[in-house]
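# sequence and predicted model, in that order:
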Amino acid sequence: MNQITYTDDSGKEQNLEKPKKGAWFVVLFLILSLVMGSIGAVGTLYVFSSNSNLRDKLGLKNLDINTTKTEKLVLEESSAITDAVKKVSPAVVSITSKQNVQDFFGRVFQEETGGGTGFIITSDGLIATNKHVVSDEGAEYTVFTADGKEYKAKVQALDSLNDFAVIKIEATGLPVVDLGNSDDLAVGQWAIAIGNALGEFQNTVTVGVISATNRKVTASGGGQSEQLEGLIQTDAAVNPGNSGGPLTNLKGQVIGINTAVAGGAESIGFAIPINVVKKAIDSIKKTGKIERPMIGVRYVQITKEIAKANNLPVDHGAWVLKGNNISDVAVVPGSPADKAGIVENDIIVKINNEEITEEKSLSSILQHYNVGDEVELTISRKGSDIKVKLKLEASK
């Protein structure tokens, strides 16, 4: 037998059977388990302590331990979205249109023909929306405010350049929106769209991000088609009926006007940058109409393909050309361009040293100027560059 001998405190020798090797492994395993369990308990306590949401649910709010950065960020963003919606929603309105129609028996009755969204820009009843929402001259328009009131509306002005319009209701003391700065937008920042979704769900809120800027699209609907430039692209769902509603940032500032959706795609919407229409809004407030600066030419936006096909001396710019009809002249008689000596086949390549490109058309650059401003144009004429100065006039 495998024994060991030891002496007790009386000096008497005693025999003890030596443990088998397997027993030592059992003892060692138990010791290691106790050590690892202690470490695990400490780790669990640390994780538990750092999770403030879990502590709150368990009623342990008084533990003096900080919230994680991720939790703080989520809570702050959620709160900012809620605050932005509360700030903007009171100034968002629904717009419906009705027309008189005649049935087979000659009876005349009113029929609802469309709907959209708008937002109040002055406390005395000026409302911004899309042009295509209120462009039917034979329709009657009604505005429903967020507090449930109903007003008859008149079309104040339609923008000749953008899908933008202003209507007027007779009211005072109305809540108004805060206009932001769309030139400072960054791809990836939060965006909130508010509108009359599907023409029946008033003040519906959708949230997403700015997915691109400076987009060019051809928007169509109601038998109309329009080329739109410099648009904001967002994945905040823009549903039918949202047209004319505000696109806002987390500060509750309007940064765009929702205007179109991409057909055949999910959650790709487009908005007119608010800075594009700020001058139009100021013009309406001052004169009651939209005044756009113009130089008085008809042109084709040059692309690399157009330049190559026509053997042009430059691959960008505005190519001054007449249209197919006799009235579609290249240069409007008596216009600033006519006075400055611009002629057909001239190519305007710069306005005040800002190049005209596929992304920046002549008309989009002019939007940053006011009626009466003097600008210098760089023109490519028969392979040579010349510079002319002219004073911008109001479009007619």
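Nice, thanks for sending it over. Numbering: from 1, shown residues only.
# list the contacts of the closest residue to residue 383 other than its chain neighbours.
Nearest residue to residue 383 in three dimensions, chain neighbours excluded: residue 313, at 4.8 Å (CB to CB, 6 or more residues apart in numbering). Bear in mind the C-beta positions are built from the backbone N, C-alpha and C, glycine included. For residue 313, the contact set (CB atoms under 8 Å, 6 or more residues apart in numbering) comprises 347, 380, 382-383.
# tell me how this structure divides into domains.
For the chain, automatic domain parsing gives the domain ranges 90-169, 178-284, 293-394.
# please identify which of the ones you listed is closest to residue 78.
Nearest of the domains of the chain to residue 78, taken as CB to CB: domain 178-284 at 10.0 Å.
# how far does the closest one sit from its chain's centre?
Computed by CA atoms, centre = their mean, to the nearest Å, the chain-centroid distance of domain 178-284 equals 5 Å.
# quick check: mean pLDDT across that domain?
When pLDDT is averaged along domain 178-284, the result is 83.
# end-to-end on it?
Start and end residues of domain 178-284 are separated by 17 Å (CA to CA, to the nearest Å).
# run through the protein and note the low-pLDDT ranges.
For the chain, the stretches flagged by pLDDT under 70 are 1-77, 100-114, 197-202, 218-226, 263-267, 396.
# can you give me the helices in it?
For the chain, the helices defined by DSSP state H cover 21-50, 52-57, 69-88, 274-287, 304-309, 336-339, 362-366.
# contacts for the fifth one, please.
Where contact means CB under 8 Å, 6+ apart, the residues beyond helix 304-309 that reach it are 300, 312, 314-316, 319.
# got the contacts of residue 313 as TSV, with distance to residue 98 columns?
Formatted as TSV, these follow (distance: CB to CB, whole Å):
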residue	distance to residue 98
347	48
380	52
382	57
383	58
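# which of these are buried, as a PyMOL select command?
With 16 or more other CB atoms under 10 Å as the criterion, this PyMOL line picks the buried residues out of the contacts of residue 313:
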select buried, resi 347+380
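# residue 268 contacts residue 233, doesn't it?
Yes - taking CB atoms under 8 Å as the definition, residue 268 is a contact partner of residue 233 at 6.6 Å.
# joint contacts of the two?
Residues touching both residue 268 and residue 233 (CB under 8 Å, 6+ apart): residue 211.
# about what we covered before: now the residue nearest to residue 383: how far from residue 365?
21 Å (CB to CB, to the nearest Å).
# and for residue 293?
Counting by CB to CB, the gap from residue 293 to residue 365 is 10 Å.
# okay but residue 120 is in contact with residue 177, surely?
Yes - Residue 120 is within contact range of residue 177, at 6.6 Å (criterion: CB under 8 Å).
# what residues are shared contacts of those two?
Common contacts of residue 120 and residue 177, defined by CB under 8 Å, 6+ apart, comprise residue 91.
# output the contacting helices and strands for the strand ranked longest in the chain.
Scanning the chain for the longest strand, with DSSP state E as the assignment, gives strand 201-221. Here strand 201-221 touches strand 190-197, strand 224-234, strand 253-261, strand 269-273, going by 3 or more CB pairs under 8 Å, 6 or more residues apart in numbering; DSSP states H and E.
# for that strand, C-alpha coordinates in PDB please.
The C-alpha trace of strand 201-221 is given here as PDB (Å, rounded to 0.1, in the frame of the first residue of the first chain):
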ATOM      1  CA  PHE A 201     -52.100  61.100 -42.300                       C
ATOM      2  CA  GLN A 202     -51.400  64.700 -41.200                       C
ATOM      3  CA  ASN A 203     -48.000  65.600 -39.700                       C
ATOM      4  CA  THR A 204     -46.500  62.200 -40.200                       C
ATOM      5  CA  VAL A 205     -42.800  62.100 -39.200                       C
ATOM      6  CA  THR A 206     -40.100  60.000 -40.900                       C
ATOM      7  CA  VAL A 207     -36.400  60.000 -39.900                       C
ATOM      8  CA  GLY A 208     -33.200  59.300 -41.900                       C
ATOM      9  CA  VAL A 209     -30.000  60.900 -43.000                       C
ATOM     10  CA  ILE A 210     -28.800  63.100 -45.800                       C
ATOM     11  CA  SER A 211     -27.600  60.500 -48.300                       C
ATOM     12  CA  ALA A 212     -26.300  62.900 -51.000                       C
ATOM     13  CA  THR A 213     -26.300  66.500 -52.000                       C
ATOM     14  CA  ASN A 214     -26.400  68.400 -55.300                       C
ATOM     15  CA  ARG A 215     -28.500  65.800 -57.100                       C
ATOM     16  CA  LYS A 216     -30.100  66.500 -60.600                       C
ATOM     17  CA  VAL A 217     -33.400  64.700 -61.400                       C
ATOM     18  CA  THR A 218     -36.200  65.000 -63.800                       C
ATOM     19  CA  ALA A 219     -39.500  65.100 -61.800                       C
ATOM     20  CA  SER A 220     -42.800  64.200 -63.400                       C
ATOM     21  CA  GLY A 221     -46.400  64.000 -62.300                       C
END
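# hmm, back to that, would you list the helices and strands packed on strand 201-221 in TSV and tack on distance to residue 134 and mean neighbour count?
Output for these, formatted as TSV (distance: least, CB to CB, whole Å; neighbours: other CB atoms under 10 Å):
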stretch	distance to residue 134	mean neighbour count
strand 190-197	14	24
strand 224-234	13	19
strand 253-261	13	26
strand 269-273	15	26
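# let's have these in JSON lines, adding distance to residue 138.
Formatted as JSON lines, the helices and strands packed on strand 201-221 follow (distance: least, CB to CB, whole Å):
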{"stretch": "strand 190-197", "distance to residue 138": "22"}
{"stretch": "strand 224-234", "distance to residue 138": "15"}
{"stretch": "strand 253-261", "distance to residue 138": "23"}
{"stretch": "strand 269-273", "distance to residue 138": "25"}
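# right, I'll call it a day here.
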